[in-house]
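Output the structure for:
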Amino acid sequence: MQNSQRTAADAVRETVRRRGPCSGEAVVASAPARLEVLGGLAAQAGGAVAQMALPERVVAAVDRRTGHGVRIYKAEPAGTAEDWCAEIRDMRGNPAVRYPDRGATGSAPVVPAENWVHAVARLCCRLPATTPLLTERLFGGSPSDKLTGVDIYVLSAVPGRSDKAATVAAAAAVMEALCHASRLPMETMEKALLVQQAAAPDRPSAAVVDALTMLLARDGPPAQLLRYSTQPHALVGQIALPDDVRIVALDTGLPLPAALETLGHFRSAGAMGLQIVETIYRDLGQSHSPLHGYLGNLSPQLYRRYFRALLPRKLRGADFLRDSSERAGAVTGIDPQRVYRVRTAIDHLIAEHEHAENFLQAMEELADPKQPLSPLELQRTKQRAGRLLLASQHSYRLRLEISWREADWLIDTLMTAGPRQGVYGARICGSGGGTVVALMDNSSRANDVLLDVMGTYRKITGLQLGVAVGGARESGAVRVET
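Numbers count the residues shown, from 1 in each chain. Next up, the predicted model:
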């Protein structure tokens, strides 16, 4: 275990000890952050997704105590904690979350920097209905058993606004600690679904994939690139990257841009487009759509040749809802007054699936030990993979109009060095600017480029550029810390 992780786990244990007396048998677990390499938004279309786990981790402790219910604390690196951040008083009735100075509420207030608190609280509230045996073991003690409550402590080394799924990681670490504390084994997919429902109920496919990365990623080295199919969500395999290739997460130090509303409208437009394409199939006499509910099953060539021209560039929500009650019923959250860019959304979803699938194929070629590439083939394959990252970046900027100037500067500066200096491609992650992912050589010349960019970035923005290598040591799946 690296010193930073040992320090984080020890700090959480010290927090538990200071706040005692409790059971003295706290379970400490940690989960990695994740890096969305390519294809994150295409999860909505059932497309391919490429992810990696990062060495940055969230540490959580579960400790039984006297009393009832759950209290959630934010641990500090110094081994301390403030007063509880959330409390659930009754885990055997109808759980309701209570926040300081807010009273009881069934929904969390919007506090973006501490979203993990609300995710962990939602996770606990779902336990009685979804995992009654776990709830009984933790909270259903006999009258003579004084240890019928639980304290949860969370210490995150993942920047909350860096687009590395810190909230999902917190829920995954707590889920693992709860399972271990209750001595209740649970299937991986069951855990992933519970984590998704707690951390990102509005993004089912993408958040389940995030949770699976945190639950299944192999530790490096070699670095592991996880390939997913999202129909609805399954890990297809893990690609062991060669030693001379690395995928790097660059934390811009900026908060995520105000793109969440834009992304919400984009998802609605994508769902509208899917329903229109399936209606076209039915109008052509096919009783069952060959898409099976996923745009990822639509050939990009077929889409561009036939379907694209049939999709509206813009469509008002009211017109979509009025046009076909049967079709509209499959899409929720449509604002009748809003104009949706349907064709643009489908353009991006189709292209992003295509980018991710081709990128994963290129990385599999680089990693295949049975068919080693010549030096020329190796260079061309790296460049092909890098161009796919850049194509995704252009789609974000031009189609979705999501990015930040600092992230754009960072990508443009990296690509000025280009393949001659061992830098092949870069793109922003899903929400538009908090993290940039780059494909580069594991070489001294690429290191020099990265060091120069870090120094210049700090001079220009006054911010520190954080660097983490995907799949590095300590990037393994969620685990109990011993």
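
Can you list the low-confidence ranges for this protein?
1-6, 20-24, 93, 101-114, 141-147, 160-161, 255-261, 324-330, 430-433 (pLDDT under 70).

50 - rerun?
The chain contains residues with pLDDT under 50 at 1-2, 107-113, 144.

Which residue ranges of the stretch 301-450 of the chain form helices?
317-323, 325-328, 342-367, 375-395, 405-417, 444-461 (DSSP state H, counting those that start in this stretch).

how near is Met189 to Gln196?
10 Å (Cβ to Cβ, to the nearest Å). For glycine as for every other residue, the C-beta is placed from the backbone atoms N, C-alpha and C.

Between the two, which is the more surrounded one?
Gln196 (25 against 15; other Cβ atoms under 10 Å).

Could you tell me how many residues sit around the nearest residue to the more buried one once chain neighbours are set aside?
Distances taken as Cβ to Cβ, 6 or more residues apart in numbering place Ala207 nearest to Gln196, at 4.0 Å, with adjacent residues excluded. Using other Cβ under 10 Å, the number of residues around Ala207 comes to 25.

same for the helix or strand Ala207 falls within, what does it pack against?
Element membership for Ala207, per DSSP states H and E: helix 204-216. For helix 204-216, the helices and strands in contact under the criterion 3 or more Cβ pairs under 8 Å, 6 or more residues apart in numbering; DSSP states H and E are strand 27-38, strand 48-66, helix 166-182, helix 188-199, strand 224-229, strand 234-240.

where does it sit relative to the chain's centre, distance-wise?
7 Å (Cα atoms, centre = their mean, to the nearest Å).

what's in contact with that helix?
31-32, 34, 40-41, 43-44, 46, 49, 51-53, 165, 168-169, 171-172, 188-189, 191-193, 195-196, 199-200, 226, 228, 230, 232-233, 235, 238, 430, 477-478 (Cβ atoms under 8 Å, 6 or more residues apart in numbering).

In ChimeraX, select just the buried ones from these.
To isolate the buried members of the contacts of helix 204-216 in ChimeraX, using 16 or more other Cβ atoms under 10 Å:
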select :31,32,34,40,41,43,44,46,49,51,52,53,165,168,169,171,172,191,192,193,195,196,199,200,226,228,230,233,235,238,430,477,478
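
one step back: out of the helices of the stretch 301-450 of the chain, which one sits most buried?
Neighbour counts (mean count of other Cβ atoms under 10 Å) averaged over each of those peak at helix 342-367, with a mean of 22.

okay, the angle between that one and strand 48-66?
Calculated by axes from the mean of the first three to the mean of the last three Cα atoms, to 10 degrees, helix 342-367 forms an angle of 90 degrees with strand 48-66.

who's the residue lying closest to Gln393 once chain neighbours are set aside bridged to?
Among residues not flanking Gln393 along the chain, Arg427 sits closest, at 3.8 Å (Cβ to Cβ, 6+ apart). Beta bridges link Arg427 to Val437, judged by DSSP bridges.

Can you tell me how far Phe307 is from Ile280?
From Phe307 to Ile280 the distance is 7 Å (Cβ to Cβ).

And Ser162, by the same measure?
For Ser162, the distance to Ile280 - Cβ to Cβ - is 40 Å.

ok, these two, which is more surrounded?
Ser162 (26 against 15).

List the residues that contact the more buried one.
By Cβ under 8 Å, 6+ apart, the neighbours of Ser162 are 33, 251, 256, 434-435, 466.

And Thr135, by the same measure?
Applying Cβ under 8 Å, 6+ apart, the residues near Thr135 are 91-92, 127-128.
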